[in-house]
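# Okay, here's the prediction I keep looking at, along with the sequence it came from:
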Amino acid sequence: MTNTDGPKIGLLPLYLKLYDEALPKLCGELTPFLTDVVGAFRGREVEVVEAPICRVAAEVTAAVALFEEEAVDCIVTLHLTYSPSLEAVDALAETSLPILMLDTTPHADFGPDVDPLRLLHNHGIHGLQDLASMLRRREKDYVIVAGHLSNVRTMDRAYAVIRGAHAAFMLATTRVLRIGPTFVGMGDFHVEESLLAKELGILVDEIEPAALLESVNAITEEQIAAEMTEEDEHFDVDAHVLVRKPSVRLGLGLRDYLDTNGYDAFSMNFLAFDTSTGPLCTVPFLECSKAMARGLGYAGEGDVLTASLVGALSKAIGPTTFTEMFCPDWEGGTVFLSHMGEFNPAVAAGKARLYEKEFPFTAAQNPVAIACVPQPGPATLVNIAPGPKDTFGLIVAPVTVMGDGTHPDYKDWIRGWIKPEIPLGDFLEVYSEHGGTHHCALVYGDCQDVLAAFARFAGVGYVVIEEDG
């Protein structure tokens, strides 16, 4: 995968060739405006690939080719003046890159007291209207953000669309590893690998744990000691060294395998780890958690679809964790979140606890696992749900993450409670009416604008479960 550091756009400035002859000074007068737009994006840590100012079709075609070569997340059009749509529509309609049309002008005002000659600097909007109309006729999707740069919301919305495009790019270029088969009988997230590739661009490899053996055997005692020192610094460690070492060795081997082979996400079936001896004698729950903290996607039970979602959101929005809704608290109006031993410690409240987890499911030795509670505050629950006729849909729910449990035995659990915006019963009804699976992603903050753009550019459905939604 490329373009993993942050969002990257191709900025396409459009101009009318006629003005080069009729108004030769105008283009130079608009250069500061173009510079301001570039600066506004770079000020939000968006990488900008700048095309030369384009006047005719050949120049637009060359610019789009540059953007495709640079693997930008989306093209941002900027009408410096009116520009005829037929100079740009062919190249833009034929590219697979998403399009954001920035509908803005150098000046914020054009009222009754304004010199009418200022029209020359501020009439790009009807060029945008010309082009948008033609793109729609050509069935090329686009998003428009309209407003002046001085309005913070204008750039907030543009940035959200770009991050959504970045998430779509991340999803569509995901290489994901499944360790062991999917959990027998678990059907909601299971999708044929050919369909994941065709509809979402996700490429899946599957191995058995034995394929990790070479990487695990290559881990040295020095590497294990260094990793345990890191754990002592970042976690509240409550596990014997003899239990920790097998988990660390296997985890580092898994990490090396993922890095060496360039995977962006992975999933494992814990039942595939079924031996009590040798380098593969435990289950790498801890490394699954650490991997999410490094920005890799993860989901349990062989769910490569949700794992890919977690990875895309991590890179485009911020720290994201895999989770599941387990138990409704009807009286409190919340849902209990948990999983066996995987959670992103980057979104934990305080230091996560490392402990020896009882593991009765296979012959594998007890692993070291993480126990923690997610940070309280506003968050968004996100699910990607397979639908009928080879479709997919994004289900989004703004929630509040509540505080920790009070029962003393929760210390050995991944535990969290979320409160949706609508009554719990209504929330759960709507969620399952839209086919939500039992595997989810949890990301912090209100990121609906990003997720809406993500769904649009990824070509999946989108529904928000919210108050008055």
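Received it, and whenever you're ready, just let me know what you need.

# Surely residue 271 touches residue 360?
No. Residue 271 is not in contact with residue 360 according to C-beta atoms under 8 Å; the separation is 11.8 Å. (Each C-beta comes from the backbone N, C-alpha and C, glycine too.)

# neighbour count winner among the two?
Neighbour count, other C-beta atoms under 10 Å: between residue 271 and residue 360, residue 271 has more, with 16 against 6.

# three-state assignment of the more buried one?
Under the three-state scheme (DSSP: H, G, I helix; E, B strand; the rest coil), residue 271 adopts helix.

# that's a helix at residue 263, yeah?
No. If the criterion is three-state DSSP, then residue 263 is coil and not within a helix.

# which non-adjacent residue is nearest it?
residue 177 (4.7 Å; C-beta to C-beta, 6 or more residues apart in numbering).

# Identify the residues contacting the one you found.
By C-beta atoms under 8 Å, 6 or more residues apart in numbering, the residues touching residue 177 are 204-207, 257-258, 261, 263, 265-267, 304.

# Now a PyMOL select for only the buried ones of those residues.
Burial among these is assessed by 16 or more other C-beta atoms under 10 Å; the matching PyMOL selection reads:
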select buried, resi 204+206+207+257+258+263+265+266+267+304
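
# how about JSON lines for the contacts of residue 177, with secondary structure and pLDDT added?
Shown next, in JSON lines, are the contacts of residue 177 (DSSP: H, G, I helix; E, B strand; the rest coil; pLDDT from 0 to 100):
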{"residue": "204", "secondary structure": "strand", "pLDDT": "98"}
{"residue": "205", "secondary structure": "strand", "pLDDT": "98"}
{"residue": "206", "secondary structure": "strand", "pLDDT": "98"}
{"residue": "207", "secondary structure": "strand", "pLDDT": "98"}
{"residue": "257", "secondary structure": "helix", "pLDDT": "98"}
{"residue": "258", "secondary structure": "helix", "pLDDT": "98"}
{"residue": "261", "secondary structure": "coil", "pLDDT": "98"}
{"residue": "263", "secondary structure": "coil", "pLDDT": "98"}
{"residue": "265", "secondary structure": "strand", "pLDDT": "98"}
{"residue": "266", "secondary structure": "strand", "pLDDT": "98"}
{"residue": "267", "secondary structure": "strand", "pLDDT": "98"}
{"residue": "304", "secondary structure": "helix", "pLDDT": "98"}
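
# Columns distance to residue 58 on top of the contacts of residue 177, output as TSV?
Formatted as TSV, the contacts of residue 177 follow (distance: C-beta to C-beta, whole Å):
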residue	distance to residue 58
204	41
205	42
206	46
207	48
257	47
258	44
261	41
263	41
265	40
266	45
267	47
304	43
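
# does the most centrally placed residue in the chain count as helix, strand or coil?
For the chain, the residue nearest the mean C-alpha position is residue 313 (1.9 Å; C-alpha atoms, centre = their mean). Of the three states, residue 313 takes helix under three-state DSSP.

# Report pLDDT for it.
You'll see residue 313 listed with a pLDDT of 97.

# my read: it touches residue 440, true?
No. Using C-beta under 8 Å, residue 313 makes no contact with residue 440, being 10.9 Å away.

# Identify the contacts common to these two.
Counting by C-beta under 8 Å, 6+ apart, the shared contacts of residue 313 and residue 440 are residue 382.

# thinking again about what came up before, list the residues that contact the residue nearest to the centre of the chain.
If you count contacts by C-beta under 8 Å, 6+ apart, residue 313 has them with 167, 320, 382, 441, 443.

# go on, residue 445?
Taking C-beta under 8 Å, 6+ apart, we find residue 445 in contact with 317-318, 378-380.

# May I see the contacts of residue 313 organised as TSV, with distance to residue 30 and neighbour count added?
Putting those into TSV (distance: C-beta to C-beta, whole Å; neighbours: other C-beta atoms under 10 Å) gives the following:
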residue	distance to residue 30	neighbour count
167	32	28
320	40	28
382	41	23
441	43	27
443	39	23
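
# Narrow those residues to those in helices?
Using DSSP state H, residue 167 are the members of those that sit in helices.

# Could you export the contacts of residue 313 as a markdown table, including pLDDT and distance to residue 68?
As requested, the contacts of residue 313 are exported to a markdown table (pLDDT from 0 to 100; distance: C-beta to C-beta, whole Å):
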| residue | pLDDT | distance to residue 68 |
| --- | --- | --- |
| 167 | 97 | 19 |
| 320 | 97 | 28 |
| 382 | 98 | 29 |
| 441 | 98 | 29 |
| 443 | 97 | 29 |
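
# Out of the contacts of residue 313, which is nearest to residue 93?
residue 167 (23.3 Å; C-beta to C-beta).

# Now do the closest one against residue 154, distance only.
For residue 167, the distance to residue 154 (C-beta to C-beta, to the nearest Å) stands at 21 Å.

# try residue 179
Going from residue 179 to residue 154 by C-beta to C-beta gives 45 Å.

# So between these two, which is more surrounded?
Shown here are residue 179 and residue 154; by other C-beta under 10 Å, residue 179 has more neighbours (23 against 18).

# check contacts around the more buried one.
Residue 179 makes contacts with 206-209, 212, 254, 266-269, 272, 302, as judged by C-beta under 8 Å, 6+ apart.

# Look up how far residue 420 lies from residue 426.
From residue 426 to residue 420 the distance is 8 Å (C-beta to C-beta).

# and the two? which has more neighbours close in?
residue 420 (22 against 12).

# My guess is that one contacts residue 397. True?
Yes. Between residue 420 and residue 397 there is a contact at 5.6 Å, judged by C-beta under 8 Å.
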